[in-house]
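S.K.: how does the following fold in three dimensions:
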Amino acid sequence: MAMISLRILGIGLLVPLLVGCQSGQAEMASLSGVDVVGKADHCNRQSPGLSLARSMSEFPDVDGLLPAGEGALKAGRDVLVIYLGQRPTPGYGAELRQAQTVEKVLTLSLEATRPDSDAMMAQVITTPCVALAIPDEGWSSLYVEMDSDGFPLSLEASAGR
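M.R.: Okay, here's the model as predicted:
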């Protein structure tokens, strides 16, 4: 539905609209120090959960996440993998909306994405996840909120390597 709406707007209105969205997302990511580094449909986790990786040996073996996760880890950042749990079709995921640290609690707000209700989807069970590069210091606990079953989730960890 979003694609149809954008086509109706025309190319003259589309460019400023996309630039505004992209600059807003980039500004939020640079202020918070959190970046989406990967997404995958098959993450082999049946229920929602969190996994914090500080080295490649801790990083989950998931197709589609490895290259970006490895790059973030080599750059000295931690990688948080957020598992959405089992879903009935492809097309489910999550978008980072806000990230902030208050009193050593890093709060990540995500919005669940779902396939369009009128989309033709294969009936294939998926276990989607999203990987976020997060600061390796400045927090002592993580709180992840999302408008999806199984959330919010939290994780206690000491910041730093």
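S.K.: name the SS class of the residue nearest the centre of the chain, please.
M.R.: Note on the chain: the residue nearest the mean C-alpha position is residue 130, at 4.0 Å, using C-alpha atoms, centre = their mean. What DSSP: H, G, I helix; E, B strand; the rest coil gives for residue 130 is strand.
S.K.: gap between it and residue 68?
M.R.: Computed with C-beta to C-beta, to the nearest Å, the distance linking residue 130 and residue 68 is 11 Å. Every residue, glycine included, has its C-beta placed from N, CA and C.
S.K.: intersection of neighbour lists for the two?
M.R.: Counting by C-beta atoms under 8 Å, 6 or more residues apart in numbering, the common neighbours of residue 130 and residue 68 are residue 38.
S.K.: returning to what we had before: shouldn't the residue nearest to the centre of the chain be in contact with residue 94?
M.R.: Yes: counting by C-beta atoms under 8 Å, residue 130 does reach residue 94; the two are 4.8 Å apart.
S.K.: touching, residue 53 and residue 73? I think so.
M.R.: Yes: judged on C-beta under 8 Å, residue 53 makes contact with residue 73 at a distance of 6.7 Å.
S.K.: intersection of neighbour lists for these two?
M.R.: 59, 79.
S.K.: pLDDT score for residue 6?
M.R.: Per-residue confidence (pLDDT) for residue 6: 30.
S.K.: let me redo that: residue 67
M.R.: Value for residue 67, per-residue pLDDT: 79.
S.K.: which element is it on?
M.R.: Secondary-structure assignment from DSSP states H and E places residue 67 in helix 66-74.
S.K.: which neighbouring elements make contact with the helix or strand just after that helix?
M.R.: Sequence-wise, the next helix or strand downstream of helix 66-74 (DSSP H and E) is strand 78-83. Contacts defined by 3 or more C-beta pairs under 8 Å, 6 or more residues apart in numbering; DSSP states H and E place strand 78-83 against strand 49-53, helix 66-74, strand 105-113, strand 129-134, strand 141-146.
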